[in-house]
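**Q** Coordinates for the following, if possible.
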Amino acid sequence: MTTTTSPRGRRRAPSRMTRAAGKAAALQKPRVILALILLAALTGVMLLDGYLRAEVGGDERIRTGAGSDEVPDEVLAGGPILSFRGGRVQSVSVPDKTIALTFDDGPDPTWTPKVLKILEENDVPGTFFLVGSMVARHPGIVQDMVDQGSEVGIHTFTHVDLSYQSGARVTREMEQTQLALAGAAGITTTLFRAPYSSQPDAIDDYSWPVYKQLGEQGYTSVFVDTDSDDWKTPGVSKIVEWATPSSGKGASVLFHDAGGDRSQTIKALPSYIKKMKALGYTFTTVSGASQQAGSGAQEAGGRPLDDARRPGGAGGLQAAHRTATGATLYEGKALIAAVAVAEWTVPGLAIGLAVVGVAVMGRFGLMVILARRHHRQRNRRRFSWGPTVTGPVSVIVPAYNEKECMANTLKSLAQSTHPIEIIVVDDGSTDNTSEIAESLGMPNVRVIRQENAGKPAALNNGVRNARYDIIVMMDGDTVFEPDTVRQLVQPFADPRVGAVAGNAKVGNRDTITGAWQHIEYVMGFNLDRRMYDLLRCMPTIPGAVGAFRRDAVLEAGGMSEDTLAEDTDITIAMHRAGWRVVYQEHAKAWTEAPGSLKQLWSQRYRWSYGTMQALWKHRKSLTDKGPSGRFGRVGMPLVVIFQIITPVFAPLIDVFTAYSMIFIDFKAALVAWLAVLAVQLLCAAYAFRLDRERYRYLLMMPLQQLAYRQMMYLVLIHSCVTALTGGRLRWQKLKRTGEVGTPAGTGR
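**A** Numbers count the residues shown, from 1 in each chain. Okay, the predicted model is just below:
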């Protein structure tokens, strides 16, 4: 029997569809690019944060035992202040009875402010050799340091031994620190102290070229005369003793204001300053010591003659400081801003991802527990929905260009053990879908032709023309087992049940993408449905195999065209109307999954976007009372959390894992990843056991996590970007092959 009806929706001419497709494609490209930019930006923030913490680009090598044959003797035996003015090396010693108090490795938010307070209370200047990455992370401390009148120098950006680095890396370490200083305090500096350096006689043939290179660039390298060795935490008295020069000599004295527990340094510093003042010493900066040594002018008591050379004097900036201007200043401020973003973003993401990880693991546990309970409950010998449903039902098959699959679909229905009528709604096909359906000569098949109006309109047309009270809906690329319809309709013996979800399975699972989707269907979809069934908040009845009470569908207004996920939309509407929606695991249907990654992307993009549309459409259920409110406050949060939020953050978990493997601890990160994979594998194995599937497909699961899952995450991110930017997505027809030819899938 053939019937022709008018479409409920507007007619879509091929030319308009072509133009819409082109327009949609043009709109989607920027959104894909935006999604990738967001992911790249977050990756960049992580790399910046890792670089600041020496996780990226870190080099812990320290050179020892090298010769010094190429280093001039006057340098090895000279003073701790080394410059290359006019191309000539000059070595300067700190004048007698004078101390240049220097601090390495800061700024530190705990210890540096305490050091600054001690210096201020004792009216003593200090010279701080700062690590650029720490400057970028704590710019306020550097500003306080400069405002107080202390002098700053460079201690590289990442605290690496420069003797191992290339000339370009040396220059980069200096320039990045200068930018950090410019952004933090609006200055640059000419002072430099190499990490792991000590007295001038320790300069070797590998570090000497570095000092010459920097000297030619205008830097003054500062070494140590006297080392407090406070990093060894030997005790306050030892620190004071080791920091005291012998015989009244002047010295560049080394302390540390960062790099570990500096509580002993904080206790020793006031005692040390008082002791040295009592011995007649004066304190100055490195620049002040250099100027004193050059002029030889010094008043009684060891105080510099020129107050402008002292911190806080009339001269303002320290002699080694330069005011940052132009591009240096703006680039420095941009660096500080970027670091501030990283400092907030990365820890926040880490906390968020930890919460997501706990939630995902909790979901796995909840799924397994509830799925086990569901399986035992529904498979008890005494379990019954009520009196056996034996009355005929209407099976609606919406079809648009399904010539490859239509014959197989209808032949599978012909073997049904339950009485059915079959309504094929041809939604304006341009191939011979209708002719194939009619040529089979099946007496219980009616073909209804309509102009192209979309799947929801086709389903509604079928519902209006159905003769029976129970409606089974299936896709035109799906085949049923002989017992599928009978199993699917049995829950309707319970008058509270308004809809039933069947067990959709991947028929073309012998390819890599098919095997991946098979794992997803068994674990992600069907295991989920068992959980949602018991919680009475199942969000979606699959379009491939689902059944409804006809009156309930009409009461809900039919299949809506408001969203691209009409199956999710109608399912939520059934919940809100007070109907119970259940899962029937024994009602199996075999569907043809997308065979290419491009088609898979199109399908999942539509699913994800359509689900978001449906959730937004039914958002008022969050505040409703009764059954609608139950779904809104139970089902809606579960779907949002586990089908949108956690998958959106999942790529970041993978990025964090890859980041940790490459830059932090490969073994620990790999063990963590394998542990999560093992949990997922156990859940999948249990799901396969419940569905009586062969375990051999689980061998594909590690590769699925590495490739397939990433694609699904990107699809969801793409959908979120589309939703947030107010985009529209058209229905996309998938190319079918008709390879799912028989309903006998148990042996696959």
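
**Q** Counting by contacts, list what the longest strand anywhere in the chain packs against.
**A** Scanning the chain for the strand with the most residues, using DSSP state E, yields strand 580-591. The contact analysis (3 or more Cβ pairs under 8 Å, 6 or more residues apart in numbering; DSSP states H and E) places strand 580-591 against helix 326-378, strand 478-480, helix 484-489, strand 497-506, helix 527-535, helix 566-576. Bear in mind the C-beta positions are built from the backbone N, C-alpha and C, glycine included.

**Q** how distant is it from the center of its chain?
**A** Strand 580-591 has its C-alpha centroid displaced from the chain centroid by 35 Å (Cα atoms, centre = their mean, to the nearest Å).

**Q** Pull out the buried residues from that strand.
**A** Within strand 580-591, the residues that count as buried by 16 or more other Cβ atoms under 10 Å are Arg580, Val581, Val582, Tyr583, Gln584, Glu585, Ala587, Lys588, Ala589, Trp590, Thr591.

**Q** which residues touch the last one?
**A** Taking Cβ atoms under 8 Å, 6 or more residues apart in numbering as the definition of contact, the neighbours of Thr591 are Asp475, Asp477, Thr478, Ala504, Lys505, Val506, Gly507, Ala544, Val545, Val740.

**Q** do you know how far it is from Met538?
**A** As judged by Cβ to Cβ, to the nearest Å, Thr591 and Met538 stand 18 Å apart.

**Q** Helix or strand: which one has the residue most central in space within the chain?
**A** Geometric centre of the chain, nearest residue: Leu652, 1.7 Å, by Cα atoms, centre = their mean. Using DSSP states H and E, Leu652 sits within helix 646-659.

**Q** and that helix, average pLDDT?
**A** Mean pLDDT, computed over helix 646-659, is 75.

**Q** which residues sit against that helix?
**A** The contact list for helix 646-659 (Cβ under 8 Å, 6+ apart) reads 39, 42-43, 46-47, 50, 349-350, 352-353, 356-357, 359-360, 363, 669, 672-673, 709-710, 712-714, 716-717, 720.

**Q** Also stretch 466-473?
**A** Under Cβ under 8 Å, 6+ apart, the answer for stretch 466-473 is 389, 391-396, 398, 420-421, 423, 459, 462-463, 485, 488-489, 492, 543, 545-551, 553.

**Q** Which ones among those residues lie within strands?
**A** Val393, Ser394, Val395, Ile396, Pro398, Ile420, Glu421, Ile423, Gly546, Ala547, Phe548, Arg549.

**Q** Check the offset of the helix holding Leu652 from the chain's centre.
**A** Put simply, helix 646-659 sits 4 Å off its chain's centre (Cα atoms, centre = their mean).

**Q** Following it in sequence, what is the next regular element?
**A** helix 666-690.

**Q** who does that following helix touch, helix- and strand-wise?
**A** Applying 3+ Cβ pairs under 8 Å, 6+ apart, one finds that helix 666-690 contacts helix 326-378, helix 527-535, helix 646-659, helix 701-703.

**Q** ok, 10 Å please
**A** Judged by 3 or more Cβ pairs under 10 Å, 6 or more residues apart in numbering; DSSP states H and E, the packing partners of helix 666-690 are helix 326-378, helix 512-519, helix 527-535, helix 646-659, helix 701-703.

**Q** how about those, which one is nearest Pro95?
**A** Checking these against Pro95 by Cβ to Cβ gives helix 326-378 as the closest, at 33.4 Å.
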